[in-house]
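Asker: Here is the input, now give the coordinates:
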Amino acid sequence: MAVPVQSLQIPHAPIRIQGNANFTPENGVVGGSGTPDDPYVIAGWQIDASASNAIEIRDTSAPFVIRGVEVVRAGPGVIYYYAAYLANVSDAALRYVNASAGISGFYVLRSTNVSLDRVSVDSIPGVGFVGVQSRNLSVSNASFNGGVLSSDGEGIRFVSNHAYQILVRGARDIVIDRNRVEYAGNPGLILLNWTENAIVSRNVDVGQILTGWAGGGNNTQVIGNTVSGGESGIKGYRDTNLTVSGNNVSSESFAAIMLASSSNVTVRGNRIANSARGVYVDGVTDLLFAHNDFESNLQQADVVSGKRLTWNESYPAAGNRWSDYIGEDMCSGPRQDLCFGPDGIGDAPYVIDPNNKDFLPLMQAPPSPPSNLPPHAGLRVTPESGTTSTLFRFDASSSWDGEDPSSALEVRWDWEGDGTWDTEWSVGKIATHQFPDPGTYGVRVEVRDTAGLTGNTSQTVTVTLPPPVPPAALIAASPTSGTVPLPVSFTSDVTGGVPPYEYHWEFGDGSTSDAPDAIHTYITGGNFTVWMNAQDSSGTLARSDFLWVNVTPAAVNLVVTPPTEFFADASGITVIFSASVTGGTPPYTFHWDFGDGGQSDVPSPTHTYAANGTYAVSVTVTDARGQAVTRTFEFVVPPHSTPPSGVSLTPVVLAASIAVAAVFAILWWNERRRGRAPPGPPKS
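Answerer: Purely as a prediction, here's the structure:
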């Protein structure tokens, strides 16, 4: 059935738009400015898709609307081009677009917020709608004349359409509601595979609804559908948290309801009729069957295997109605042993097999469930994992209800998944939350419509501790310059990482320390590079920046002590000389010149003068860095006969020598204080 489009469409060549800049009149744009309140409009055209896609739009972010467009096929060919091909677009709406015979329908790739309403595809064979790697896709009130609606992604809404098959794979947050699923009187198929959080509701003319299928599914509701004429009417395979409720399933060649390799399954309030088997169960764990009406199936229930299979609720809620039950209702009570009148529950169990019984079978069919279905709870978490410092965003705005607009739905949140609601009801659908402790949380959201019906869903959020801040090391020194010997105080400040820390200092002169803070004395001059390595308890290493300590070598200070004793013998006058050295950089070398041609390289030499007289004595000292200083003085050697051998110098000579030394010392210290090189000893 084609939907109405604007009459007298104007022929237009196939439209190609890539990027927002190409929304132009030449490309079929008849209005709009590309804003949410005023989207670009492509409307009123008739386009021939014999040789290419009719409308192809790629890589756009501006909102746009395509409406009142007819796509035809004038030429022959075996390739079925699309009426509209959209790739990497957002905020697109297609309204009243009709693809006539020989045209495929609509293809949406890697796009967001795309809706189709009252579109149609006439061709067979043909594709109705395909969504690939997209989010928030809606197709409503569309006719695909035997075509297929197919999508993956997140936020899928297929509502009130006519198609032959509806296929959803690898998707989450799915609504398939009030669709007519058949072609030319042949019942169609709804298939879910690898899905999360889906509702399949109020669909008609369906032959089979397959959930889980090869890949499995989680949190699926199959509610209020009319299913007939297939092989297995409602089949749950590899499903977890599956609810099958309020469906009318009949005339299935294998089983009205087939459950296999699934867990946490509830089957309630269904009519299960006229099929080879009412229900088939194999490999199911934690199953509840209650308030179902089993009518005239060749085999009401076939249980191959399962664990914790329950066929009735507690009294007085009771179990199921079985059309072949032959028991009586004369008694009441949980054990049906209070025989004072009937209570609508059979007095004897309905035996399925030796291991499975409905202990409280209903005598009459249970009332039909209300047509107003509970809302579908949609949930998107961003990000899905984080740390205790992450502010998570929870978005339930995709929640949906068949009777109420989204704005009327209320939500509340259970952050820890512990069964206690942490917030009050609110029409605000977006919330944020930060988890103070690491762990895995099953966050739940419950949605309530104006009738008080509720739906809920959950999503796992993984929270870890934030990774530690890498360790960082800072160092300081005081002072950073001076003269040998120079004591320097070093301090460290290590942050981050995982304490405690290990330390290792390199002072630049070959010395090290493993203390957090240290004092090191430099005994040689130079410009020394200092750094420190810190390692935390997890083995992560941090190196500090470098700092430099500039150590100035001390000047070489030479003090010569004039001799005060000498000895005379047959060979002459023997004198002992000595000098003391400070500063500079050891070791030192000495060179003495005694004024008579004699020399020595020892610190305190002994020299014998052969004749008396006045001699110019000098000594030169050189340190390890090449700094040298020389001291020269005149030394008077008395006549050989005076004084006698082994006797000290005369008092006059001794006094003169001491005076010379004193004058020399005073001059030396005065020059040092002025920063000048000290003079040699005065000459006589």
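Asker: drop to CA atoms for contacts and neighbour counts, all remaining ones
Answerer: OK.
Asker: Please tell me how far Thr220 sits from Asp437.
Answerer: Distance, Thr220 to Asp437, using CA to CA, to the nearest Å: 31 Å.
Asker: These two: which is more packed in?
Answerer: Shown here are Thr220 and Asp437; by other CA atoms under 10 Å, Thr220 has more neighbours (26 against 12).
Asker: Isn't Leu558 up against Gly584?
Answerer: No - with contact defined as CA atoms under 8 Å, Leu558 and Gly584 do not form a contacting pair (10.1 Å).
Asker: what about the two, which has more around it?
Answerer: Gly584 (25 against 20).
Asker: Quick check, Asn356 in contact with Lys307.
Answerer: No - contact between Asn356 and Lys307 fails when scored by CA under 8 Å: they sit 10.5 Å apart.
Asker: Counting neighbours, go ahead and name the busier of those two.
Answerer: Asn356 (16 against 12).
Asker: what's that one in contact with, if anything?
Answerer: Leu309, Thr310, Trp311 (CA atoms under 8 Å, 6 or more residues apart in numbering).
Asker: can you pull the pLDDT of the first one?
Answerer: So the one you mean is Leu309. Looking at Leu309, its pLDDT reads 98.
Asker: State the number of residues packed around the residue lying closest to it once chain neighbours are set aside.
Answerer: Spatially, and ignoring its direct neighbours in sequence, Leu309 is nearest to Leu287 (4.8 Å; CA to CA, 6 or more residues apart in numbering). Neighbour count of Leu287, defined by other CA under 10 Å: 22.
Asker: measure Leu287 to Ser262 for me?
Answerer: 9 Å.
Asker: Thr440 too?
Answerer: As judged by CA to CA, Thr440 and Ser262 stand 24 Å apart.
Asker: what about the two, which has more around it?
Answerer: Between Thr440 and Ser262, counted using other CA under 10 Å, Ser262 has the larger neighbour count: 25 against 14.
Asker: In the protein, where is pLDDT below threshold?
Answerer: 1-8, 77-78, 123-126, 640-684 (pLDDT under 70).
Asker: Break it into its domains for me.
Answerer: As assigned by automatic domain parsing, the chain contains the domains 1-163, 180-371, 380-464, 472-552, 557-673.
Asker: Now distance to Gly170 too, for these, in CSV please.
Answerer: Listed next are those as CSV, based on distance: least, CA to CA, whole Å:
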stretch, distance to Gly170
domain 1-163, 5
domain 180-371, 5
domain 380-464, 15
domain 472-552, 41
domain 557-673, 80
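Asker: Tell me the bridge partners for Asp353.
Answerer: Here Asp353 sits in beta bridges with Asn356, going by DSSP bridges.
Asker: try Ala171
Answerer: Gly153, Thr195.
Asker: For it, list the residues it contacts.
Answerer: Ser151, Asp152, Gly153, Glu154, Gly155, Ile156, Trp194, Thr195, Glu196.
Asker: Could you take these and lay them out as TSV, with extra columns for distance to Val636?
Answerer: As requested, the contacts of Ala171 are exported to TSV (distance: CA to CA, whole Å):
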residue	distance to Val636
Ser151	119
Asp152	115
Gly153	113
Glu154	112
Gly155	115
Ile156	118
Trp194	115
Thr195	116
Glu196	115
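Asker: List only those of the residues you listed flagged as buried.
Answerer: Among the contacts of Ala171, those scoring as buried are Ser151, Asp152, Gly153, Glu154, Gly155, Ile156, Trp194, Thr195, Glu196 (criterion: 16 or more other CA atoms under 10 Å).
Asker: gap between Pro36 and Asn22?
Answerer: As for Pro36, its distance to Asn22 is 18 Å (criterion: CA to CA).
Asker: for His433, that is, sorry about that
Answerer: 41 Å.
Asker: and these two? which has more neighbours close in?
Answerer: Neighbour count, other CA under 10 Å: between His433 and Asn22, Asn22 has more, with 14 against 11.
Asker: Count the residues that sit near the nearest residue to Tyr183 once chain neighbours are set aside.
Answerer: Leaving out its chain neighbours, the residue that sits closest to Tyr183 by CA to CA, 6+ apart is Gly146, at 4.9 Å. Applying other CA under 10 Å, we find 24 residues neighbouring Gly146.
Asker: so Gly146 sits in a strand?
Answerer: No - counting by DSSP: H, G, I helix; E, B strand; the rest coil, Gly146 is located in no strand; its state is coil.
Asker: Hmm, it is touching Glu182, no?
Answerer: Yes - judged on CA under 8 Å, Gly146 makes contact with Glu182 at a distance of 7.0 Å.
Asker: Quick check: neighbours shared by these two?
Answerer: His162, Ala163, Tyr164, Gln165.
Asker: now that we have these, which one has the most neighbours?
Answerer: For the shared contacts of Gly146 and Glu182, neighbours tallied by other CA under 10 Å; top is His162, 28 neighbours.
Asker: On the strand side of things, show who it bridges to.
Answerer: Assigned bridge partners for His162, using DSSP bridges, are Ser143, Arg180.
Asker: what's the distance between it and Val249?
Answerer: For His162, the distance to Val249 - CA to CA - is 20 Å.
Asker: One more: Val461?
Answerer: 37 Å.
Asker: What of Asp48?
Answerer: Remark: distance between Asp48 and Val249 (CA to CA) = 44 Å.
Asker: These two: which has the busier surroundings?
Answerer: Using other CA under 10 Å, the more surrounded residue of Asp48 and Val249 is Val249, with 29 against 23.
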